[in-house]
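K.L.:
with the input below, show me the fold.
(2 chains)
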Protein chains: 2
Amino acid sequence: MTEPSTRTELSTLGEFGLIDRLASRIHCVVPGTVKGIGDDSAVIDPEGLHQVVTTDMLVERVHFDLGYVPLRHLGYKSIVVNLSDVYAMNATPKQVVVGLALSNRFPVEAVDELYEGMLLACRHYGVDLVGGDTTSSQSGLVISVTAIGAVAKDQVVYRSGARENDLLVVSGDLGGAYMGLQILEREKAVFQDSGAQPDLEGHDYILERQLKPEARRDIIDLLKKLDVRPTSMIDVSDGLASEALHIARSSGLGVRIHDEKLPIDPATYATARDFGLDPTTCALNGGEDYELLFTIAQADHERIKGNPSLTIIGHMTDAAAGQVLVDKQGGIHALRAQGWDALLGR
Amino acid sequence: MTEPSTRTELSTLGEFGLIDRLASRIHCVVPGTVKGIGDDSAVIDPEGLHQVVTTDMLVERVHFDLGYVPLRHLGYKSIVVNLSDVYAMNATPKQVVVGLALSNRFPVEAVDELYEGMLLACRHYGVDLVGGDTTSSQSGLVISVTAIGAVAKDQVVYRSGARENDLLVVSGDLGGAYMGLQILEREKAVFQDSGAQPDLEGHDYILERQLKPEARRDIIDLLKKLDVRPTSMIDVSDGLASEALHIARSSGLGVRIHDEKLPIDPATYATARDFGLDPTTCALNGGEDYELLFTIAQADHERIKGNPSLTIIGHMTDAAAGQVLVDKQGGIHALRAQGWDALLGR
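P.N.:
Numbering: from 1, shown residues only, chains lettered A, B, ... in the order given. As a prediction, this is how the structure comes out:
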């Protein structure tokens, strides 16, 4: 963690002092936010829409390493990963609440940086930070974010809505965040061994995928513009294979993915090769891509065809056909989730 | 922590296995819950009402000590403290989402116990557990709960609505949870020094106040029945003095509290004396009472007078008169918040 130039102990502010300090920087702009920080609860006007709610925890040394993750990026990412879950319901994020447990090794300036990143994400996605809880911890930093979104009742898209023969489509490209993490871990190890400054040159794209991911609001907007309503949708946080299995199982179907169709950025591909890894495996199981994986009716094929942001990677089958991956030689393999499993600490 | 008789490692289940295990026990009953656990987000139908949102984090060794807190009680309390914040808005809690970070020293059975307590609280208060995130931590247990409630737009009660001359009223009694904690800490110290079994005999009331507090739903119902609408309200989590100051400052007023009016249970009083503590100080600054502190118009005095669950402890004054405590001799002291401050680790 880079030490800020001045260091103010958290204890000089206390919890209420810290809340006042943060609240003074936070200005609610979402029309549905009736009351933000400053009472027992925030108050929201749903304006006739359904509400969606999702929560995610980021734990130091499990989800992030402050040795190479700037606090501002961490704050930004902690908001984005939750918004991604809101978009995956075809909803629009509106508010977030933030829980923070941190030890006294963090000065006030560190908390400021973390919140700066969070508020930057909030501004970027048009979301209000309406509440939270800040407390001490005896060891590391734990960030808990709950995001609330709004969606018309008849526009909600679940994981379970896929139908047989629907096309399976993914946005963007896969495996980049995972390869970015490999670079960061390698350079950290080199630094610890030899004191050599990290060499991150030429890895901008995959580092940004890891350190400052974006939620695919643009894809939700694009699908609306194309008048395509996904039949099912999920965000890719644990790896494509894991998410495709979620859609298939929730929908009671099989799925058939063609590995040569998986969208992989050249930078991801080259770095995987450098590390002696199979790029396809990285794309299938890397995780933290925060792309959207969804199914559409065959009839919508024409509308999305050729769009550079969308790739058709397979289709849904009946359950009996199983959940499979087809390789370049036509070999068929059971699709397995080997993605990030936070409970195993991998 | 009492070890369950069998021990199943969390890693044998993995995150998804654990989610499936928990989800199978959770049945949503709240009409507004459209979709609970099992998608990227939960989906809620606000049914024409405003929504309130609040979040709280409980951190091992800061907020609880598993040396004397049973996991089931901890689960129960983690839900209750959030529901208390919802009632304090004059709202009805409807849904909760739960974030859990835990190290592999916790077996599956421990997680089961924690959730049993949470689900017991959910059933008791008519709330659905609709989502969550479970992850590993490198050290202690961190529980993050976000509660969502519903309230008619014109029924929301803020901290800021008190008016000059309003009566200040508190439910139940104060200081018990704090004295319960003192007993638990004393017996833990005795056990560590001498191995003697804890002597908790005769302290049932204050131990329950600490270990298994309830949120005052009954007071919200009572006030409705009495047709009394509080002008402002807050729940007493950080100590009465701190909360009274919140109401006064948010409302731009002074407040005058008479210390002889503070409701203190005889068990709390006696235990405080045993510990050489001033019962009034415990009532003012003890914290974790989860009572409701509110203001009502003088005109409503007759409606609440003599109700055993409600005590008038003072009234609101103009800001110039300050925020003060009047002692039995008529001496006037500045009201100070010396309650629990989680950031100072007290």
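K.L.:
can you tell me the helix or strand for residue A:324?
P.N.:
For residue A:324, the host element (DSSP states H and E) is strand A:323-326.
K.L.:
show me what contacts residue A:250?
P.N.:
By CB atoms under 8 Å, 6 or more residues apart in numbering or on different chains, the residues touching residue A:250 are A:158-160, A:162, A:232, B:38-39. Heads up, the C-betas are built off the backbone N, CA and C, glycines and all.
K.L.:
ok, now residue A:25?
P.N.:
Contacts of residue A:25 by CB under 8 Å, 6+ apart are A:115, A:119.
K.L.:
which pair of the contacts of residue A:250 spans the longest distance?
P.N.:
Greatest spacing in the contacts of residue A:250, by CB to CB: A:162 and B:38 (14.6 Å).
K.L.:
those two: who's more crowded?
P.N.:
Neighbours per residue (other CB atoms under 10 Å in any protein chain shown) separate residue A:162 from residue B:38, with residue A:162 holding more: 27 against 17.
K.L.:
isn't that one right up against residue A:234?
P.N.:
No: Residue A:162 is beyond contact range of residue A:234, at 10.0 Å (criterion: CB atoms under 8 Å).
K.L.:
thought residue A:98 was touching residue A:130?
P.N.:
No: look at residue A:98 against residue A:130 with CB under 8 Å: they stay out of range, at 9.4 Å.
K.L.:
interface residues of the stretch 101-250 of chain A facing chain B?
P.N.:
Contact residues, the stretch 101-250 of chain A versus chain B (CB under 8 Å from any CB of the partner chain): A:101, A:104, A:130-140, A:142, A:144, A:146-149, A:151, A:153, A:156, A:158-160, A:233-235, A:250.
K.L.:
give me the element the residue positioned nearest the centre of chain A is part of.
P.N.:
Closest to where the C-alpha atoms of chain A average out (CA atoms, centre = their mean) is residue A:81, at 3.2 Å. Using DSSP H and E, residue A:81 sits within helix A:71-87.
K.L.:
which neighbouring elements make contact with that helix?
P.N.:
Helices and strands touching helix A:71-87, by 3 or more CB pairs under 8 Å, 6 or more residues apart in numbering or on different chains; DSSP states H and E, are strand A:50-59, strand A:92-102, helix A:108-125, strand A:142-151, helix A:217-225, strand A:232-236.
K.L.:
the helix or strand hosting residue A:205: which residues count as buried?
P.N.:
Assigned by DSSP H and E, residue A:205 belongs to helix A:204-211. Neighbour-count burial for helix A:204-211 flags A:205-207, A:209-211 (criterion: 16 or more other CB atoms under 10 Å in any protein chain shown).
K.L.:
quick one: mean pLDDT for it?
P.N.:
Across helix A:204-211, pLDDT averages out at 95.
K.L.:
got it, and stretch A:63-74?
P.N.:
For stretch A:63-74, the mean per-residue pLDDT is 93.
K.L.:
residues of that stretch that come out buried?
P.N.:
Neighbour-count burial for stretch A:63-74, counted by 16+ other CB under 10 Å, picks out A:63-64, A:66, A:68-74.
K.L.:
with just CA atoms, put that stretch into CSV.
P.N.:
Extracted as CSV, the C-alpha positions of stretch A:63-74 are listed here (Å, rounded to 0.1, in the frame of the first residue of the first chain):
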residue,chain,number,x,y,z
HIS,A,63,-10.1,-10.7,-3.1
PHE,A,64,-7.4,-8.1,-3.2
ASP,A,65,-3.8,-7.5,-2.2
LEU,A,66,-3.0,-3.9,-1.1
GLY,A,67,0.6,-4.6,-2.2
TYR,A,68,-0.5,-3.8,-5.7
VAL,A,69,-4.1,-2.6,-5.7
PRO,A,70,-4.4,1.2,-5.2
LEU,A,71,-7.2,2.0,-2.7
ARG,A,72,-8.9,4.2,-5.2
HIS,A,73,-9.1,1.4,-7.8
LEU,A,74,-10.3,-0.9,-5.0
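K.L.:
from what I can see the residue nearest to the centre of chain A touches residue A:236, true?
P.N.:
No: checked against CB under 8 Å, the pair residue A:81 and residue A:236 is beyond contact range at 11.2 Å.
K.L.:
overlap of the contact sets of those two?
P.N.:
residue A:290.
K.L.:
please see if the strand holding residue A:324 touches chain B.
P.N.:
No: against chain B, strand A:323-326 shows no contacts by CB under 8 Å from any CB, the least distance being 14.4 Å.
K.L.:
quick one: strands adjacent to that strand?
P.N.:
strand A:254-258 (parallel), strand A:332-334 (antiparallel) (DSSP bridges).
K.L.:
looking at those, which is buried most?
P.N.:
Greatest average neighbour count among the strands paired with strand A:323-326 goes to strand A:254-258 (a mean of 21), per mean count of other CB atoms under 10 Å in any protein chain shown.
K.L.:
then that strand to CSV, C-alphas only?
P.N.:
What follows is strand A:254-258, C-alpha atoms only, in CSV (Å, rounded to 0.1, in the frame of the first residue of the first chain):
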residue,chain,number,x,y,z
GLY,A,254,-28.1,-28.4,-21.6
VAL,A,255,-25.6,-26.0,-23.2
ARG,A,256,-23.1,-26.4,-26.0
ILE,A,257,-20.2,-24.0,-26.2
HIS,A,258,-17.6,-24.0,-29.0
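K.L.:
for whatever helix or strand comes next after it, what is the distance to the chain centroid?
P.N.:
Scanning forward in sequence from strand A:254-258 by DSSP H and E, the next helix or strand is helix A:266-274. Here helix A:266-274 is found 22 Å from its chain centre; the criterion is CA atoms, centre = their mean, to the nearest Å.
K.L.:
ok, residues contacting the helix or strand following helix A:266-274?
P.N.:
The first helix or strand that comes after helix A:266-274 along the chain, using DSSP H and E, is helix A:279-285. The set of residues external to helix A:279-285 that reach it, using CB under 8 Å, 6+ apart, is A:173-175, A:178-179, A:239-242, A:259, A:262-264, A:268-269, A:272-273, A:325, A:337-339.
K.L.:
what's the burial count for residue A:176?
P.N.:
For residue A:176, the neighbour count with other CB under 10 Å is 29.
K.L.:
and what of the one 4 residues further on?
P.N.:
Residue A:180 has 27 neighbours, counted by other CB under 10 Å.
K.L.:
enumerate every residue touching it.
P.N.:
Applying CB under 8 Å, 6+ apart to residue A:180 gives the contacts A:203, A:206-211.
K.L.:
what do you get for residue A:178?
P.N.:
By CB under 8 Å, 6+ apart, the contact list for residue A:178 reads A:210, A:282, A:285-288.
K.L.:
swap in residue A:255?
P.N.:
A:168, A:244-245, A:247-248, A:314-317, A:323-324, A:335 are the contacts of residue A:255 under CB under 8 Å, 6+ apart.
K.L.:
how about those, which pair is most distant?
P.N.:
A:245 and A:315 (14.9 Å).
K.L.:
circling back: so for residue A:162 and residue A:234, which residues contact both of them?
P.N.:
Here residue A:162 and residue A:234 have residue A:247 as joint contacts, going by CB under 8 Å, 6+ apart.
K.L.:
nearest residue to residue A:32 in space, please, no chain neighbours.
P.N.:
residue A:45 (4.8 Å; CB to CB, 6 or more residues apart in numbering or on different chains).
K.L.:
hang on, I meant residue A:61
P.N.:
Leaving aside its sequence neighbours, residue A:61 sits nearest to residue B:138 (CB to CB, 6+ apart; 4.8 Å).
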